[in-house]
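Chemist: sharing a sequence plus its predicted fold:
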Amino acid sequence: MSGVRHLYVHLPFCAHRCGYCDFVTVVGRHGEHDAYVDALLLELGLEAPLLEGELETIFLGGGTPTFTEPGALERLLAALPAAREVTVEANPETVTRELAALLSRNRVNRVSLGAQSFNTALLDVLERRANGDDVRRAVYVLRDAGFDNINLDLVYGIPGQGTADLERDLADALTLEPEHLSCYELEAKPGTRFTHAHGAELERQADAMEDYFERVVDQLTAAGYRWYETANFCRAPDEADGRDLRAHHNLAYWTGREYLGLGIGAVSTVGGRRWRNAPRLPAYVAALREGIAPARTIETIDEGTRVREQVMLGLRLDQPLVLAGLEGALDDAALHRLTGLGLVRHDERTIALTRRGRFLGGGVTADLLT
Amino acid sequence: MDQSRIRNFSIIAHIDHGKSTLADRILELTNAVSKRDMREQVLDSMDLERERGITIKAQAVRVTWKGYELNLIDTPGHVDFTYEVSRSLQACEGAVLVVDAAQGTEAQTLANAYLAIENNLEIVPVVNKIDLPQADPDGAAREVAELIGDTPERVLRISAKTGQGVEELMDAVVDRIPPPGGDPDAPARALIFDSSYDQYRGVVAFVRVIDGVFRPRERLRAMAMGTRFEAQEIGFMSPAMRPVDALTAGEVGYVITGLKDVSELRVGDTLTTEARGAAEPLPGYKDVKPMVFAGLFPTDSDQYPELRDALERLKLNDAALFYEPETSQALGFGFRSGFLGLLHMEIVRERLEREFDLDLLVTAPNVAYRVLERNGEWREVHSPADMPDEFDEVEEPYVRASIIVPKEYVGQVMELNNDRRGKFDHMEYLSPERVHLTYELPLGEIVLDYYDQLKSRTRGYASFDYDYVGFRPGTLVRVDVLVAGEPVDALSLIIHREFAYDRGRALVERLKKEIPRQMFDVAIQAAIGARVIARETVKARRKDVLAKCYGGDITRKRKLLENQKKGKKRMKQVGAVEVPQEAFLAVLNIGDGKK
């Protein structure tokens, strides 16, 4: 087995939990940041045998990684192995000169900013603490510190967001010339506080918001961005001195690479097994203090499942999926039908969704799979 | 038994007027059944049969009253079984006509009374439920006397529930109903008026011996069908089976045939002996043909073999049930089934679901059509999908509908009948308050929702019955439904040209609501031949729900996709379009769309 080359580290702490969020997060608990980082490093030690050779990517996600106590964060970053791409997620209001310097001197070379919107009223609906100016300021602070690979997360389909609001947000984001943009439709997950408060309004606006996805793609591709994954855009190489600005850590997921995840709620997939650490922080810390692995749910990924996942994820990308080895996972009749409908294109070696097919991604993929 | 001491009779009544209660009281009064056994032996006979794994029905019970042998012959209670009723009546010399003292005569009272009169039966009129506070025995007696041309004084007044007047009724049966005729020395002839199936002993025929004598172990022949068999046992029901050495002219009983298929022995056929057989069968045998057809499809296509087995088993006891395999491109494998009428269809469906635990999708019912094809040959068509695109003529079955309704609803009923292409035939007042209307109506206009409409327009007061009058030419067209250009066989309907546009319009509107948005625009069209008469479009979805997928939690995303896939599997694929099963029932609910 050639070693795992992708590492995810989960930092769950947040100043406050936003209404729409369903990630594993922990609010406050400043006193526990150090203990948690200790536990992360212990888990890294336990799993070190899986990591051979140089890592390609590291991703610190959250929570709000940059909300972590600077001392603890720096200790963690310094202890992590080297990698070609090291990304840290940050909320705009946490980005200070000090933080930028801390990230920079610890080999972080990519920052993903959770902007979501530039519109104060809409950010209020999302219960975000930052406003549009915070986002702008954060980007300039990071640029000043030398960061040349910045992602902005945007959300569309926010209750109350009209077409003009969406276009304004996209224009504001483009003004900042980010290397990368992630644009997700807001998901009102059943049972969340957010859905309870805004579900009815979203229902009412559903028709009007139907074409937002297309608008996002149109506006960003017109500005020279490559729509390389369903919800992700990067500056095209000819506008980026030939650099491949795709998020390589996420690409690893989408192309079926093995990865190791550390921290509460983190998922790993290695050697036909996928495991997910239990989400409770105290139990996680306690287990690792004892020198044992935290509680995990384990799933076996058999060959059939692996192949189906590869189709499911691979079709999210703009580069065609190579068919070799995937034959059993694809329904020939559906392939023929969807090709006829102009949703899929394929040749003898590869398959990909057409532009229209990509807008309907999940439905087309569900049809294609056996 | 001396023929002069035999009486054969039926009880005829509108539903719920007390026929079975009266039958029970008679069995009790004649000590055929003890009071204690009453419940389990008689009332719940169907359940009991099932428990014991046998299927003998007490179709004809012999009781003794003051030295007379009385045979009480049961009749099916609905118009769908008119032919069976008429055969049962042919086995009798008289009929007790029961009318509810509170309700008066109803549509089935009329239908049954006319049948009895046609069969030259002596009618003993009875007003039942005189113990009820709202009873009007005199009014009911006047109505029924007028109906059968008798005097109100001769109408008996009873309460089957309390037993009041039932003894007098028994005396009247003996006094008024003539003994059976027939020649005990002539070649043997017996009328089969019912049959059932016993899983151990095969088909059991219920017979009325007209001439001669029948004995066990004799070789017998069914004259119309040509079926031959040996009588394994003969006897009568009391109500348990009692074997005897002979059944002679005038008597009623059963013959155990050992035959394994009920269709070999049809109701109305004549039994005779192989040796010294009769030359002529009894008159009146008809091959009963199903008039109402529907597709039966298992909701879960894996249940197809179970459905086939269940139909086979029902058919053992129901010679009138017809079915043949049908393949619908929309609904998969199922059966096109034929029924005597709507009630028969409902009974079969309920038994399939209840006794065999099947989930069924029943397509909208249609009637049988006779089509004169371009090659000059007449063909019967049982499904709209089988209707040829081009033909010279088409005929549809008509019924004479008999409707009894309080006078304030006459206008409503007439309007409904006009909407349904009804032709007014006759109207008379049964009493100052109640009117009897007769119309000729195409059966096809009745099978969908006529009865529901009638009930709702008359607040439930109308009673309704019908009788087939034959096939008549119709200006009929086949309306096809196309979903994304593909004809959907299960949604085609045959309809009068004049109604085609409205119904087609209503149907596509209904379907638009039932078919979810797809990955492309879906046109829903109603068409007559190549001409589109209505069109709706289900607009394409423009986006898919995008589950975030930048974490490593790929399993969750995969499960979402698998759920989506499962949802799709519950739909029927019509070409490239996923159509939910509910959509196929849309045809049933478009009657409302019509005035």
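Modeler: Happy to help now that I have it. Computed from a predicted model, the values in this text were never measured in an experiment.
Chemist: does whichever residue of the stretch 101-250 of chain A sits closest to chain B lie in a helix or a strand, and which?
Modeler: Relative to chain B, the nearest point of the stretch 101-250 of chain A is A:Phe213 (4.3 Å; C-beta to the nearest C-beta). In this view, the C-beta of every residue, glycine as well, is placed from N, C-alpha and C. In the assignment (DSSP states H and E), A:Phe213 maps to helix A:212-222.
Chemist: who's in contact with residue 257?
Modeler: If you meant another chain, say so; for now it's chain A. With contact set as C-beta atoms under 8 Å, 6 or more residues apart in numbering or on different chains, A:Arg257 has these partners: A:5-6.
Chemist: not quite, go with chain B.
Modeler: Counted by C-beta under 8 Å, 6+ apart, B:Thr257 has contacts B:202-205, B:220, B:229, B:231-232, B:265.
Chemist: per-residue confidence for the residue of the stretch 101-250 of chain A closest to chain B?
Modeler: A:Phe213 is assigned a predicted lDDT (pLDDT) of 91.
Chemist: A:Val4 contacts A:Leu260, correct?
Modeler: Yes - because the distance of 5.0 Å satisfies C-beta atoms under 8 Å, A:Val4 is recorded as touching A:Leu260.
Chemist: quick check: neighbours shared by those two?
Modeler: A:50-51, A:270.
Chemist: assign a three-state SS to A:Asp153, would you?
Modeler: strand (DSSP: H, G, I helix; E, B strand; the rest coil).
Chemist: where does pLDDT dip in the chain?
Modeler: If you meant another chain, say so; for now it's chain A. In the predicted model of chain A, residues A:1-2 satisfy pLDDT under 70.
Chemist: to clarify, I was referring to chain B.
Modeler: B:32-58, B:76-80, B:545-551, B:569-570, B:587-595.
Chemist: domain map for it?
Modeler: B:3-176, B:189-273, B:292-363, B:371-474, B:477-593 (automatic domain parsing).
Chemist: and chain A, what are its domains?
Modeler: A:6-253, A:303-368.
Chemist: possible to save these as CSV with distance to B:Ala102 and mean neighbour count?
Modeler: Listed next are the domains of chain A as CSV, based on distance: least, C-beta to C-beta, whole Å; neighbours: other C-beta atoms under 10 Å in any protein chain shown:
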stretch, distance to B:Ala102, mean neighbour count
domain A:6-253, 53, 19
domain A:303-368, 61, 18
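Chemist: could you dump these into CSV with distance to B:Ile495 added?
Modeler: Below are the domains of chain A laid out as CSV (distance: least, C-beta to C-beta, whole Å):
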stretch, distance to B:Ile495
domain A:6-253, 35
domain A:303-368, 33
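Chemist: next, the angle from the next helix or strand after the helix holding A:Phe213 to helix A:212-222.
Modeler: Next along the chain after helix A:212-222, taking DSSP H and E as the criterion, comes strand A:225-229. If you take axes from the mean of the first three to the mean of the last three C-alpha atoms, to 10 degrees, strand A:225-229 sits at 130 degrees to helix A:212-222.
Chemist: how about the CA coordinates for strand A:225-229, as CSV?
Modeler: Presented in CSV, the C-alpha positions along strand A:225-229 are these (Å, rounded to 0.1, in the frame of the first residue of the first chain):
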residue,chain,number,x,y,z
TYR,A,225,-13.7,31.1,-14.2
ARG,A,226,-13.7,27.4,-14.9
TRP,A,227,-16.7,25.5,-13.6
TYR,A,228,-14.7,22.5,-12.7
GLU,A,229,-17.0,20.9,-10.2
